[in-house]
Every structure is written in structure tokens, then in C-alpha cells.
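Trainee: Sequence first, predicted coordinates after that:
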Amino acid sequence: MSISSTIKSIQDIMRKDVGVDGDAQRLSQLVWMLFLKIFDDRESEWELLQDKYKSPLPEKYRWRNWAANAEGMTGDELKQFLDNDLFPALQNLEAKGSDQRAYVIRSVFEDAYNYMKSGQLIRQVINKIQEGVDFNKAQERHLFGDMYEQLLRDLQAAGNAGEFYTPRAVTEFMVEMVNPRLGEKVMDPACGTGGFLSCSIEHIRKQDVKTLEDEAQLQGSIFGIEKKPMPHLLCTTNMILHGIDVPSNIRHDNTLARPLISWGPSERVDVVVTNPPFGGMEEDGIETNFPTAFRTRETADLFLVLIMQMLKPGGRAALVLPDSLLFGDGIKTRIKEKLLEECNLHTIVRLPKGVFAPYTSINTNLLFFTKGTPTKDIWFYEHPYPEGVKSYNKTKPMQIEEFEAEKRWWKSEDDEFKRREESRYAWKVSLENIKARNYNLDIKNPHISHTEAQDPEVLLAEYAAIQEDIKKLRDELKAALRQALQQGCA
């Protein structure tokens, strides 16, 4: 059975269960099961490689002992075991000695939940996972990765969970351009499902990892923080899939909940790659962690200020930000002024509409900067749709090959980008010009007329995307109300 067929059959089983409401809950249910399956497969490998390996899990809670047997526990017995035994045990798992694996498992399960009500259907799902792919078979390991990547793509259609998935083409381009290397600390302070971190791991391994010592150094150099439980679970599992044996540096926390000044020199990092949440507001009081001049409840703005603090001198950052930051005034102007004074904002890639559809139709940009020297000029690059494409969607997402033109144009930062040339899609703006515009960075491509009539098909597609966003918000509100009523009646 193909990977997509396996996932579809699992989701079809879950749809029969009255306890699972919507794609987001189905994904959450599936991923904690996948985590335990993957962890068990990795434990089989560690047992072979480490003479004194001891599982952090008591024997009865290891996947092999309660799930792997297709004729094992089912029905009410399985349901009771999960709800009253397995989950409480993993949520209170004690870490012994220096092994951080127990801590990782506990943090993964502290907000996980078994939504399914039917023990028979739970058994069917477990059996599908068990027979799907053996992660320890080298020829099947990449299939497991493909399965997981498809799950992450499915998040785009799972209500507001889509905010945690950045298209693979975007993450690969950003990581390649910021070029993290072995020995550097790499951080995503809003890591979602771990797309930027997994790309960074692959990039560093390809460039630099030659020995076991190199691999050990890489293992300790990847850092991520995620506020919400489901993406944190997805990210932790993603790290194990990408060979990070003990992803204890992936924390379940709100990065913005600490005073900015508390991020001292010992916690500074060399590289930040991230897509911070945008279009949302932080809870009351979070803004007081920031200096008065930068206090706002807009999440993306706060993350930009934080990233400037987190970087070492000479540290590099690449992040996704919406148009509103570019043209915004007031506090946004002060944030941009700080950015251009303390960092070299050398490149802004303006993405076309629809890159993050169907989650959002907001226009987005990729900002690349280096801390420690002020900005003199900013290069802009307007990423065009490929020939014959008028918009992106779930079945036709952006492809990494589209960035080849940017890569050829990019050049090396070592020469301060002096070899860059203006073209139909590239142009340079001086700091003086930006100051004269009161730090408005929403600068249109001077080489292309922006008064041309919009293609009706594009306008209709944008309208449809907005209507779909509205429908999803309405469905989420209904689901939340139903859940609140059910809990109130329980």
C-alpha cells in the first residue's frame, strides 16, 4: 500500500469514531501514535548500538508490548489502558540520571489527548501504523519521512493548524541562503512542526558531517521552541525522524513569555530561521516583556525584536514576515529603525500571493539580515510565478526549482553582494531613500508596471480563498462551541 493510501485509510477509520472532530484532532491523534511507533523503532536501533541502553519507558508502556501485536488489546480494554494507564504514566514520567529521553516523552505527552472513543477503531489504526513502514529498514526509512511530510502538508487544510507548516520550497531556499554550518547554534523560536530545523539538519549533514564526532556536535546544536502542544509533538517526532536521538532542545514554551533582557550572551545563537506566527495577537501582558518603545501585541513584530536580541554579533537570520510589517507605521517604524541600525538587512524576497494558501492569502516576504553592522542598501527580489502558473494551491504548491534564478543572482555575502545586478525582478534601495520614506519598506518593483489590470481568474481565485478562510473560521467556532457544551455537560 502506498504512503498516501495508508494515511487515507487511517483517516477514514478515524472518521468513524464519534470522539474525533475535524482534521486537526485526527492529526493530533495520529501523531502521538506515530511518535510511540517511531520511538520504539529507534529504541531497537539503540539497543543494538549501545551495550547498556535502558529504555526510559516501563516495559508495559513500550509500543512493542501493548500495540505491536495485531491480535492484542482492543475494545474497552485498550480504551481503558490508554486513558487510565498509558497517558497518566507518560505525562508523569520521571527522568533518571542524565538521559533526557524521559523528559522528551513527558513534554510530548503533557498536552496530548486520546480523542477516540472506540477501542476497536483504535486497534484498527494501530495495526495500520504497525504494518505501514518499519523505520529501521533503510529502504523504508525515506518512505516514513514521506509519510510524515504528507501529514505536515495536510495541516494546511486542518483549520488553524495550517499556520505551523511552511512550504518545503520556502524552507529549503531560506536555509540554503542563510547557510548554517557545523559548530553553529541554529534556532527556530517559533518552530511549529520543525520544517526549518529539519532542513537545517539536512543542510549541515550534507555540507560538514563526516565523522561520528561531527554528528555528535550537530545533535547538540539544533534548538527550537513551540508554544502549542500539537505542533510541538509534530516537531519532536520530526526531529527523531531526522536522526536527532534526544531532541531535548525542542521546548514546549512561549518564547515571548520571557523578558527580552533575560536573553543573555550565553543563549545567543549563530543562525535563526523561522516563520513566526503573523496576523494574530499575543495574550495580555506579554508585551510588557519588551521595552516600552516596542510594546505591541502583534506576534510577528515581537518576534522580530526578539530575534535581534537572540543573535550573536555576526549572526544571520532568515524569516517570513507579512506585508504589514513593511508598510506599517508607529511601533512598526521604530522596530524597522532598530533593525536597520543594528543589522544589515541585505535582502528582501517578495513572494507572490498564494504561497501559504489555503491557510492565508496574506502577502508575505522573506527577510535576510546579519547582526552587527548597520544597513547601507537593501536588495529586493520579486519572486515571479513560474510560466503558466497564475496562483498556488494545495495540489500545485510552490516548487524549490522556482528559486534557481534567485540562487544564481544571490552571490556570496563575503563580497557584500557587490556582484549583484539589477534586473527585471531585482532592484536596490539605499538607506537614505528608506529614511526619506519614513522606513516604509513596501517598495514596488520599479521595472514592472503595477497598474496592469488583474487577471479575472486570479481575482476569482483570491476571492475563493478568502471565502474558504471565512468558512474555516466559522467551522472552528462551531467545533469549539460544541466541545465547550460537551465538556459542560460531562
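Mentor: Cool, the structure landed.

Trainee: ok, D111 - how many residues close by?
Mentor: 14 (other Cβ atoms under 10 Å). The way it works is simple: take the backbone N, C-alpha and C, and place the C-beta from them, glycine included.

Trainee: same check, this time on the one 10 residues further on
Mentor: If you count neighbours by other Cβ under 10 Å, L121 ends up with 22.

Trainee: likewise E404?
Mentor: E404: 10 neighbours (other Cβ under 10 Å).

Trainee: any idea how far E416 is from it?
Mentor: Using Cβ to Cβ, to the nearest Å, E404 is found at 23 Å from E416.

Trainee: again, but for P291
Mentor: Counting by Cβ to Cβ, the gap from P291 to E416 is 30 Å.

Trainee: Likewise for L339?
Mentor: 18 Å.

Trainee: So these two - more neighbours on which side?
Mentor: With neighbours defined as other Cβ under 10 Å, L339 and E416 compare such that L339 has more, 24 against 14.

Trainee: Could you look up the SS state of the more buried one?
Mentor: Classification of L339 using DSSP: H, G, I helix; E, B strand; the rest coil returns helix.

Trainee: mind listing what it touches?
Mentor: Contacts for L339 (Cβ atoms under 8 Å, 6 or more residues apart in numbering) come out as 304, 308, 345, 369, 375.

Trainee: Need those residues in JSON lines (columns: distance to S55).
Mentor: What follows is the contacts of L339, written out as JSON lines (distance: Cβ to Cβ, whole Å):
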{"residue": "L304", "distance to S55": "42"}
{"residue": "M308", "distance to S55": "42"}
{"residue": "L345", "distance to S55": "48"}
{"residue": "F369", "distance to S55": "44"}
{"residue": "T375", "distance to S55": "52"}
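
Trainee: and which of those is nearest to G243?
Mentor: F369 (29.8 Å; Cβ to Cβ).

Trainee: Distance-wise, check the most centrally placed residue in the chain relative to G119.
Mentor: Geometric centre of the chain, nearest residue: G192, 3.4 Å, by Cα atoms, centre = their mean. As judged by Cβ to Cβ, G192 and G119 stand 32 Å apart.

Trainee: Excluding covalently adjacent residues, which one is nearest to K96?
Mentor: A102 (6.8 Å; Cβ to Cβ, 6 or more residues apart in numbering).

Trainee: Which strand or helix spans that neighbour?
Mentor: For A102, the host element (DSSP states H and E) is helix 101-109.

Trainee: Give me the distance from that helix to the chain's centre.
Mentor: Taking Cα atoms, centre = their mean, to the nearest Å, one finds the center of helix 101-109 at 19 Å from the center of the full chain.

Trainee: hang on, S9 packs against K128?
Mentor: Yes. Judged on Cβ atoms under 8 Å, S9 makes contact with K128 at a distance of 5.9 Å.

Trainee: Name the residue in these two with the higher neighbour count.
Mentor: Using other Cβ under 10 Å as the criterion, S9 and K128 rank with K128 on top: 18 against 15.

Trainee: so of the contacts of L339, which ones are in helices?
Mentor: Among the contacts of L339, the residues falling in helices (DSSP state H) are 304, 308.

Trainee: burial of F87, as a residue count?
Mentor: Neighbours around F87, by other Cβ under 10 Å: 17.

Trainee: Which strands or helices does the host helix or strand of it pack on?
Mentor: Using DSSP H and E, F87 falls within helix 87-91. Counting contacts by 3 or more Cβ pairs under 8 Å, 6 or more residues apart in numbering; DSSP states H and E, helix 87-91 is packed against helix 101-109.

Trainee: if you set the cut-off to 10 Å instead, what comes out?
Mentor: The helices and strands touching helix 87-91, judged by 3 or more Cβ pairs under 10 Å, 6 or more residues apart in numbering; DSSP states H and E, are helix 23-49, helix 101-109.

Trainee: Could you confirm A357 falls within a strand?
Mentor: No. According to three-state DSSP, A357 belongs to no strand; its state is coil.

Trainee: doesn't Y392 make contact with it?
Mentor: Yes. With contact defined as Cβ atoms under 10 Å, A357 counts as touching Y392 (5.8 Å).

Trainee: domain parsing for the protein?
Mentor: For the chain, the structural domains run 3-137, 158-436, going by automatic domain parsing.

Trainee: Restricting to C-alpha, output the lengthiest strand in the chain in CSV.
Mentor: In the chain, assigned by DSSP state E, the strand with the most residues is strand 311-322. Coordinates of each C-alpha in strand 311-322 appear next as CSV, following Å, rounded to 0.1, in the frame of the first residue of the first chain:
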residue,chain,number,x,y,z
LEU,A,311,21.5,36.7,17.6
LYS,A,312,25.2,36.8,18.3
PRO,A,313,27.2,39.6,16.7
GLY,A,314,27.7,38.3,13.1
GLY,A,315,24.7,36.0,13.5
ARG,A,316,22.4,35.5,10.5
ALA,A,317,18.6,35.4,10.3
ALA,A,318,16.0,34.5,7.7
LEU,A,319,12.4,34.9,8.4
VAL,A,320,9.0,35.1,6.8
LEU,A,321,7.0,38.3,7.5
PRO,A,322,3.8,39.8,6.2
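
Trainee: mind listing the strands in the chain by residue range?
Mentor: Under DSSP E, the chain gives strands at 186-188, 222-226, 250-252, 269-274, 311-322, 343-350, 364-371, 377-382, 426-430.

Trainee: what's in contact with the last one?
Mentor: Same thing as strand 426-430. Residues outside strand 426-430 that contact it (Cβ atoms under 10 Å, 6 or more residues apart in numbering) are 347-349, 375-382, 405-406, 409-410, 417, 420-422, 436-437, 441, 443-448.
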